[in-house]
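In: have a look; sequence and predicted model below, questions after that.
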Amino acid sequence: MAERLLSQLVATWTQQTEVGFILGDPDAPTETRLIPDPATGVTFRLRWLPHRELRTDPHELERRGILNPERDEDLLFRDPRDPSGLHCFLCPQNIAICHPAEALVPVRAGGREWLAGANFAWLAHNHFTVLTVDHVDQVFDRSVLAAMLEIHAETSGQFRVVFNGAYAGATIPWHLHLHATTDAFPIEDLTPGREVDYPAPLRVFPDTAEGEVVRYVSRWEERDPEHHRVNVLVAPWHGRAAVFVILRDTRARNAAAKGLMGGWEVAGDFAYSEKRKQFEAADLATVRGALAEITPPAVRDEKE
């Protein structure tokens, strides 16, 4: 099973690249800056990914065959809670209409049916958005954690799996989805015992502590249901799978020197597609400052 899912995802990524569904060339060298942090053992990574700017250009996406120019907007499902009025980009029926070239891989995990699609505005190699077949809210619970752990295990530990809380990296809060990639995250090099030195509020749990993870997240979110969220990463950590949980607050979504901070950024990987000068000028103080800036007010208050 593990080899099958792993090979399916890798083959789909290759096929989607070959047909031009993936923006840019993911196999080309990426302009990268590495910034070691002696306090944690993490080497933060900053990358210049200008292809991501094309994701907001519908005419260019149509020209490349990524977006269907003959799509019928009247057939697209829109969540009535979305103030933008845009259709849900993650509903399978909308994907079929808007992106007929997208290949979706069925995945059953955590007792749910999911579909994994190659992210055309990729942040990493083999970057997939893993979305639920049903249109349900972006809420973290035991079944979501189980799905993350199963996807990681069923890809022989090769795919890291990310959950972004609503308005804490996830910009589509009304459709449950994960991200997965084979690229390692800088936070995986965190020295055991140095979690407290990480500039964002972090706890690391063994993959066997599902109940403890769920209780920890639930206690945090119940303290302030309106604002408290989490970013969660399942990834290898010093020879075994681990669950990284970073506490978030919807009132501290952005950092002045970076902008929106999601699961990639809190795991030490800063992707830039605009503001070239910020990318060139960033140093360790910038990175640590950005992570400290998105620390929830409640956590800051407890430290003071």
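Out: Right, received. Where do you want to start? Fair warning: this is a prediction, and the values are worked out from it, not measured in the lab. Numbering: from 1, shown residues only.
In: and the helix or strand hosting residue 236, which strands flank it?
Out: Residue 236 belongs to strand 228-237 when elements are defined using DSSP states H and E. Using DSSP bridges, the strands paired with strand 228-237 are strand 160-164 (antiparallel), strand 240-249 (antiparallel).
In: is residue 83 part of a helix or strand, or is it coil?
Out: At residue 83, secondary structure determined by DSSP: H, G, I helix; E, B strand; the rest coil is coil.
In: from the chain's centroid, how far away is stretch 8-21?
Out: Distance, stretch centre to chain centre, for stretch 8-21: 19 Å (Cα atoms, centre = their mean, to the nearest Å).
In: for that stretch, output the C-alpha coordinates as PDB.
Out: Once non-C-alpha atoms are left out, stretch 8-21 reads as follows in PDB (Å, rounded to 0.1, in the frame of the first residue of the first chain):
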ATOM      1  CA  GLN A   8       1.000   7.100  -7.700                       C
ATOM      2  CA  LEU A   9       1.800  10.600  -6.400                       C
ATOM      3  CA  VAL A  10       5.200  10.800  -7.800                       C
ATOM      4  CA  ALA A  11       4.000   9.500 -11.200                       C
ATOM      5  CA  THR A  12       1.100  12.000 -11.200                       C
ATOM      6  CA  TRP A  13       3.500  14.900 -10.400                       C
ATOM      7  CA  THR A  14       5.700  13.900 -13.300                       C
ATOM      8  CA  GLN A  15       2.700  13.600 -15.700                       C
ATOM      9  CA  GLN A  16       1.300  17.000 -14.600                       C
ATOM     10  CA  THR A  17       4.700  18.600 -15.200                       C
ATOM     11  CA  GLU A  18       5.000  17.000 -18.600                       C
ATOM     12  CA  VAL A  19       1.600  18.300 -19.800                       C
ATOM     13  CA  GLY A  20       2.300  21.800 -18.600                       C
ATOM     14  CA  PHE A  21      -0.100  21.900 -15.700                       C
END
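In: buried stuff in it?
Out: 8-10, 12-13, 16-17, 21 (16 or more other Cβ atoms under 10 Å). C-betas here are computed from N, CA, C, even on glycine.
In: same check, this time on stretch 277-288
Out: 278-279, 282, 286-288.
In: can you redo those as a markdown table with distance to residue 82 and secondary structure?
Out: A markdown table is the format used below for those (distance: Cβ to Cβ, whole Å; DSSP: H, G, I helix; E, B strand; the rest coil):
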| residue | distance to residue 82 | secondary structure |
| --- | --- | --- |
| 278 | 30 | helix |
| 279 | 31 | helix |
| 282 | 33 | coil |
| 286 | 33 | helix |
| 287 | 33 | helix |
| 288 | 35 | helix |
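In: which of these lies closest to residue 200?
Out: Residue 200 lies nearest to residue 288 out of the buried residues of stretch 277-288, by Cβ to Cβ, at 9.2 Å.
In: and the closest residue to residue 186 other than its chain neighbours, how far from residue 72?
Out: Leaving out its chain neighbours, the residue that sits closest to residue 186 by Cβ to Cβ, 6 or more residues apart in numbering is residue 268, at 3.1 Å. Distance, residue 268 to residue 72, using Cβ to Cβ, to the nearest Å: 42 Å.
In: residue ranges with poor pLDDT in this structure?
Out: 1-2, 304 (pLDDT under 70).
In: what's the single longest helix in it?
Out: If you go by DSSP state H, the chain has its longest helix at helix 2-18.
In: which helices and strands sit right next to that one?
Out: For helix 2-18, the packing partners by 3 or more Cβ pairs under 8 Å, 6 or more residues apart in numbering; DSSP states H and E come out as strand 104-109, strand 112-118, helix 142-154.
In: now the strands for the stretch 151-300 of the chain?
Out: For the stretch 151-300 of the chain, the strands defined by DSSP state E, counting those that start in this stretch occupy 160-164, 177-181, 202-206, 228-237, 240-249, 254-255, 259-260, 269-272.
In: so which of those is nearest residue 294?
Out: Ranking the strands of the stretch 151-300 of the chain by distance to residue 294, with Cβ to Cβ as the measure, places strand 254-255 first at 5.7 Å.
In: the closest one: how far from the chain's middle?
Out: 16 Å.
In: ok, stretch 54-71 next?
Out: On the basis of Cα atoms, centre = their mean, stretch 54-71 sits 23 Å off its chain's mean C-alpha point.
In: how about the strand holding residue 236: buried residues?
Out: Buried, per 16+ other Cβ under 10 Å, within strand 228-237: 228-237.
In: how about stretch 154-170?
Out: For stretch 154-170, the buried set under the neighbour-count rule, 16+ other Cβ under 10 Å, comprises 154-155, 157-170.
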